[in-house]
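S.K.: structure for the following, please:
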Amino acid sequence: VSTQSTGEQRLGEDDRARALLELCVSQETLDFPELAWKTFIDFEVDTMHYDNARELYERLLERTQHVKVWLAYAAFEASVAQVARARVLLRKAFALFKGEETNEERYLVFEQWSELEADVGDETALAELKACVPRKVKKRRRMADGDGFEEYIAYIFPDDEAAKPNLKLLEMAKKWKKAQAAAAAE
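M.R.: I've put the predicted structure just below:
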């Protein structure tokens, strides 16, 4: 269908191309759904139908809450000079991915938000972002095969309520280690 829609586009038949792409993304099962959605969204952006592209992103977010969709939607809004909309999307995604299981996704959102504010941010936006800066912590977890441990980087965000007791424990451990080092030096 993507090839057929491209052919229709070349002939200047945007409505027919749009209909083919709509037919494609409305299917319940697709071999490569991300490719179909991306092709349709890119088509709408290329033809400068930005409201249609927004509608497609919203429909896609109803189907999946994948971090890449949120990031692409925010990048689209920023690319068409809709910084306020991009910020709203990044804030929503940042709140959505709060939690231990979605820690890495939340960090990806934070990174894109940081890049946006570095380019176009004002002092208020930069202050809001500064309050969200995560701390990197090395952690260990048992490997999937149960044979040993692996180290990984976790991000602890200031508003992560569940991590606060662990942060206190970590701070106490650091103080104890410093005390031990000072005692050994004496």
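
S.K.: and whichever strand or helix holds Glu58, what does it pack onto?
M.R.: Using DSSP states H and E, Glu58 maps to helix 50-63. Contact partners of helix 50-63 among helices and strands, from 3 or more CB pairs under 8 Å, 6 or more residues apart in numbering; DSSP states H and E: helix 14-25, helix 33-46, helix 67-79. For glycine as for every other residue, the C-beta is placed from the backbone atoms N, C-alpha and C.

S.K.: what's the angle from it to helix 14-25?
M.R.: Between helix 50-63 and helix 14-25, the angle comes out at 10 degrees (axes from the mean of the first three to the mean of the last three CA atoms, to 10 degrees).

S.K.: flag every buried residue along the strand or helix carrying Leu129.
M.R.: Following DSSP H and E, one finds Leu129 within helix 123-130. For helix 123-130, a neighbour-count test (16 or more other CB atoms under 10 Å) marks Leu129 as buried.

S.K.: who touches that helix?
M.R.: Contacts of helix 123-130 from elsewhere in the structure, counted by CB atoms under 8 Å, 6 or more residues apart in numbering, are 87, 113-114, 117, 121.

S.K.: would you mind writing the CA trace of that helix as PDB?
M.R.: Below are the C-alpha coordinates for helix 123-130, written out as PDB (Å, rounded to 0.1, in the frame of the first residue of the first chain):
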ATOM      1  CA  GLU A 123      14.400  31.200  32.000                       C
ATOM      2  CA  THR A 124      11.100  29.800  33.400                       C
ATOM      3  CA  ALA A 125      11.300  26.700  31.200                       C
ATOM      4  CA  LEU A 126      15.000  26.100  32.000                       C
ATOM      5  CA  ALA A 127      14.200  26.400  35.700                       C
ATOM      6  CA  GLU A 128      11.400  23.900  35.400                       C
ATOM      7  CA  LEU A 129      13.700  21.500  33.600                       C
ATOM      8  CA  LYS A 130      16.500  22.000  36.100                       C
END
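
S.K.: element containing Ile153?
M.R.: Taking DSSP H and E as the criterion, Ile153 maps to strand 149-156.

S.K.: that strand: how far from the chain's middle?
M.R.: Centroid displacement of strand 149-156 relative to its chain, using CA atoms, centre = their mean, to the nearest Å, is 19 Å.

S.K.: before we move on, what about stretch 173-186?
M.R.: Distance of stretch 173-186 from its chain centroid, counting by CA atoms, centre = their mean, is 40 Å.

S.K.: so for the longest helix along the chain, what's the average pLDDT?
M.R.: In terms of residue count, the longest helix belonging to the chain (DSSP state H) is helix 164-185. Mean pLDDT, helix 164-185: 79.

S.K.: let's have the chain start at 9 instead
M.R.: Will do, 9 is the new start, and the previous item becomes helix 172-193.

S.K.: contact partners of it?
M.R.: Against helix 172-193 from outside (CB under 8 Å, 6+ apart): 145, 164.

S.K.: rewinding a little: any buried residues in the strand holding Ile161, and which?
M.R.: Buried residues in strand 157-164 (16+ other CB under 10 Å): 162-164.
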